[in-house]
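Peer 1: I'll drop the sequence and a predicted model, then ask my questions.
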2 protein chains.
Amino acid sequence: MPKVGMEPLRRRALIDATISAIGERGSLDVTMSEIAGRAGVSSALAHHYFGAKDELLQATMRHLLAELNADTRKALNSAQTPRGRISAVIAVSFSDKQFQPETIAAWLSFYVEAQKSMALRRLLRVYARRLHSNLMSGLADLLPRSAADHAAEGIAALIDGLYIRRALKDGTPNAASAVGLVEDYLETRLSGFRAGKHRSGGK
Amino acid sequence: MPKVGMEPLRRRALIDATISAIGERGSLDVTMSEIAGRAGVSSALAHHYFGAKDELLQATMRHLLAELNADTRKALNSAQTPRGRISAVIAVSFSDKQFQPETIAAWLSFYVEAQKSMALRRLLRVYARRLHSNLMSGLADLLPRSAADHAAEGIAALIDGLYIRRALKDGTPNAASAVGLVEDYLETRLSGFRAGKHRSGGK
DNA sequence: TTTTGTTGATTGACCAGTCAATAAAAAATA
DNA sequence: TATTTTTTATTGACTGGTCAATCAACAAAA
C-alpha cells in the first residue's frame, strides 16, 4: 500500500473541522485556531495548507456543494419516472445528511458571507442553478416550459425557506413534514395542469 | 412645542445607522465606530446609550420587527375579506419598504446571529409566530383548521425562501413576481377546498 | 449646581497571518 | 548500503492591526 502524503488528509480534516465549528458556533466567526485545534493541528498549519482563512471557507463551501451534488446525482440515477426525479431532488435536500442542523448552520452562514465575498456568491449561484436544473429535469416532462420554470422556482424557494426555519429550530423541525410540504406544493402544481386548467404564466 | 431630550433622537439615529451599515456591509460585522460615524456621533456615545454592542443589535432588530408589525396592522385594517387579509400579509412582506436589499440583508444577518444569541432567537420566534397568526387570521375562515395551519406554514416558508434568494440578487429579483409566486401557491391551496369555482380578480 | 450630552484618548483582548526553526521522510549521490 | 541533500510536515513565538468597552474631562442645559 502506497503511503500517501499528509496534505489531502489534513485538508479534509480541516474542512470537516470547519463545518463542525461553524455548526456549533452557528456562525462564520470561528477562529483559525479553533478550527485547527479541532483538526488536531496548529493554526500555522492551517495557514500553510490554505493560505488565508477565506480560502479555507471557500474550500469548505465547495466541499458542501460537491457532497450535495454527489447525493443528488445518485438519487437521480435511481429514479425512473420524471415525477420520481423531482421527488428524488426534494428527498435529498431533506435527507439526514443534508438536513443536519450543523450543515444547515453552515449553509446559512455562507449565505450571509456571500454578501461580502464574490467567490462565495458565485458558488451559491452554482448551487441555485444546479437545483433549478435538477428540478427541471423532471418538471420539463410534466409541465409546459414556463409553468415548469415557475414551479421549480417555487420549490427552490420553499426548500430554502424550510432550511432557514430549521436553523431556528422552530416551525418545522422534522424532515418528514418538510418533505410533505414541498411534495404537496408540487402535487397541487401538477394537478392544476392534469385537470386541464389554463393559466397565463406571464413573466 | 416642548423641547425633547437628545436620547430618543440619538437612539433612533443609531438604529437607522445600524440598519444601513449592515445593509451595505451585508453582515453584522460592522464596528461601533462605523455605526456611530454614520449617525454623526462618536462611538463612545453609542456605548453611552446602548451599553454594549449586542444591545444595539437587539434594539435594531426590535425596531425592524415593530415596523413590520405596524405595516401589517395597517394593511390588515383596510382588508375586508378573509381572502384579502391573507393577500395583505403577503403584500406587506414584499412591500417596497420591507423588500429592500438593505432590510433583507439585516434580517438575514439576524437569522444567523440568532444562532448565537438567545435574545435574538426569541425575537425571531416572535416574528415567526406573528406571521403565522396573521396568516391564520384569514386562512382560518377559508380552510379547515389543519389545512389552514399547513397552508400558513407553507406560505411562511415560501416568504422566507424568497427573501433569501432576494439577498443573493439571484433567482427572483423583483417583488412582483415574488408576490405572484406566493399568491399562486395560496390560490391552488384554496381551490382544492372551494366548493364552487369562483375566480377572484387577484389584485 | 446638578443633570444631560458628548468626545478623545486609552486599554485590554483577540486574532489573522508570518517566520524562523525543527523534525522527519524521500530522493539523490557516493 | 550509507551518506548527503532536498522536500515535506509541523510548530511556537511573534507582529500588526482591529475593535469593544472604559474613563476622565469638558460643555451646555435645567
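Peer 2: Thanks, I have it.

Peer 1: kindly list the longest helix within chain A.
Peer 2: For chain A, the helix with the greatest residue count under DSSP state H is helix A:53-77.

Peer 1: that one - contacts with which helices or strands?
Peer 2: With contacts taken as 3 or more CB pairs under 8 Å, 6 or more residues apart in numbering or on different chains; DSSP states H and E, helix A:53-77 sits against helix A:6-25, helix A:32-39, helix A:43-50, helix A:82-93, helix A:101-113, helix A:118-139. Every C-beta, even on glycine, is put in place using the N, C-alpha and C of the backbone.

Peer 1: which residues are contacting that helix?
Peer 2: A:11, A:14-15, A:18-19, A:22, A:28, A:32, A:35, A:46, A:50, A:85, A:88-89, A:91-92, A:95, A:97-98, A:103, A:106-107, A:110, A:113, A:117, A:119-120, A:123, A:126-127, A:130, A:134, A:137 (CB atoms under 8 Å, 6 or more residues apart in numbering or on different chains).

Peer 1: do it and DNA strand D meet at all?
Peer 2: No. Shown here: helix A:53-77 not in contact with DNA strand D (CB under 7 Å from any atom of the strand), separated by at least 12.3 Å.

Peer 1: can you tell me how far residue A:121 sits from residue B:25?
Peer 2: Applying CB to CB, to the nearest Å, the value for residue A:121 to residue B:25 is 14 Å.

Peer 1: so the two - more neighbours on which side?
Peer 2: Taking residue A:121 and residue B:25 together and counting by other CB atoms under 10 Å in any protein chain shown, residue A:121 has the greater number of neighbours (19 against 16).

Peer 1: any low-confidence regions in chain A?
Peer 2: Counting by pLDDT under 70, chain A contains low-confidence residues at A:1-3, A:170-173, A:194-203.

Peer 1: please list the residues of it that sit near DNA strand C.
Peer 2: Within chain A, the positions adjacent to DNA strand C are A:3, A:30, A:31, A:32, A:33, A:43, A:44, A:47, A:51, A:52, A:53, A:54 by CB under 7 Å from any atom of the strand.

Peer 1: burial check on the residue nearest to the third one when sequence neighbours are not counted, number of neighbours?
Peer 2: What it means is residue A:31. Once flanking residues are discounted, residue A:31 sits nearest to residue A:43: 7.8 Å by CB to CB, 6 or more residues apart in numbering or on different chains. Number of residues near residue A:43 (other CB under 10 Å) recorded here: 16.

Peer 1: can you tell me which of the residues of chain A next to DNA strand C has the most neighbours?
Peer 2: Neighbour max across these (other CB under 10 Å) = residue A:30, 21 neighbours.

Peer 1: test my guess that that one contacts residue A:18.
Peer 2: Yes. Between residue A:30 and residue A:18 there is a contact under CB atoms under 8 Å: 7.3 Å.

Peer 1: would you reformat the residues of chain A next to DNA strand C as a markdown table and include distance to residue A:178?
Peer 2: Formatted as a markdown table, these follow (distance: CB to CB, whole Å):
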| residue | distance to residue A:178 |
| --- | --- |
| A:3 | 45 |
| A:30 | 27 |
| A:31 | 33 |
| A:32 | 34 |
| A:33 | 36 |
| A:43 | 38 |
| A:44 | 42 |
| A:47 | 39 |
| A:51 | 38 |
| A:52 | 36 |
| A:53 | 33 |
| A:54 | 31 |
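
Peer 1: which one of those is nearest to chain B?
Peer 2: Relative to chain B, the closest of the residues of chain A next to DNA strand C is residue A:30; by CB to the nearest CB it sits at 11.2 Å.

Peer 1: now do the contacts for residue A:92.
Peer 2: Neighbour list for residue A:92: A:68, A:71, A:72, A:75, A:98 [criterion: CB under 8 Å, 6+ apart].

Peer 1: and of those, the nearest to DNA strand C?
Peer 2: When the contacts of residue A:92 are ranked by distance to DNA strand C (CB to the nearest atom of the strand), residue A:68 comes first, at 25.9 Å.

Peer 1: circling back: next one: the residue nearest to residue A:31 from residue A:30, what distance?
Peer 2: Residue A:43 sits 12 Å away from residue A:30, going by CB to CB.

Peer 1: now the common contact residues for those two.
Peer 2: Counting by CB under 8 Å, 6+ apart, nothing touches both residue A:43 and residue A:30.

Peer 1: packing partners of the helix or strand containing residue A:163?
Peer 2: Residue A:163 belongs to helix A:145-167 when assigned by DSSP states H and E. Applying 3+ CB pairs under 8 Å, 6+ apart, one finds that helix A:145-167 makes contact with helix A:82-93, helix A:101-113, helix A:118-139, helix A:175-194, helix B:145-167, helix B:175-191.

Peer 1: let's see it at 7 Å
Peer 2: helix A:101-113, helix A:118-139, helix A:175-194, helix B:145-167, helix B:175-191 (3 or more CB pairs under 7 Å, 6 or more residues apart in numbering or on different chains; DSSP states H and E).

Peer 1: out of the ones you listed, nearest to residue A:169?
Peer 2: Among the helices and strands packed on helix A:145-167, the nearest to residue A:169 by CB to CB is helix A:101-113 (7.2 Å).

Peer 1: report the buried residues of that closest one.
Peer 2: Of all the residues in helix A:101-113, those buried under the rule 16 or more other CB atoms under 10 Å in any protein chain shown are A:103, A:104, A:105, A:106, A:107, A:108, A:109, A:110, A:111, A:112, A:113.

Peer 1: show me which residues of chain A sit near chain B.
Peer 2: A:25-27, A:105, A:108-109, A:111-112, A:114-116, A:121, A:124-125, A:128, A:153-154, A:157-162, A:164-165, A:167-168, A:170-172, A:181, A:185, A:188-189, A:192 (CB under 7 Å from any CB of the partner chain).

Peer 1: and chain A, which residues reach DNA strand D?
Peer 2: Counting by CB under 7 Å from any atom of the strand, chain A sits next to DNA strand D at A:5, A:6, A:7, A:10, A:40, A:41, A:42, A:43, A:44, A:45, A:48.
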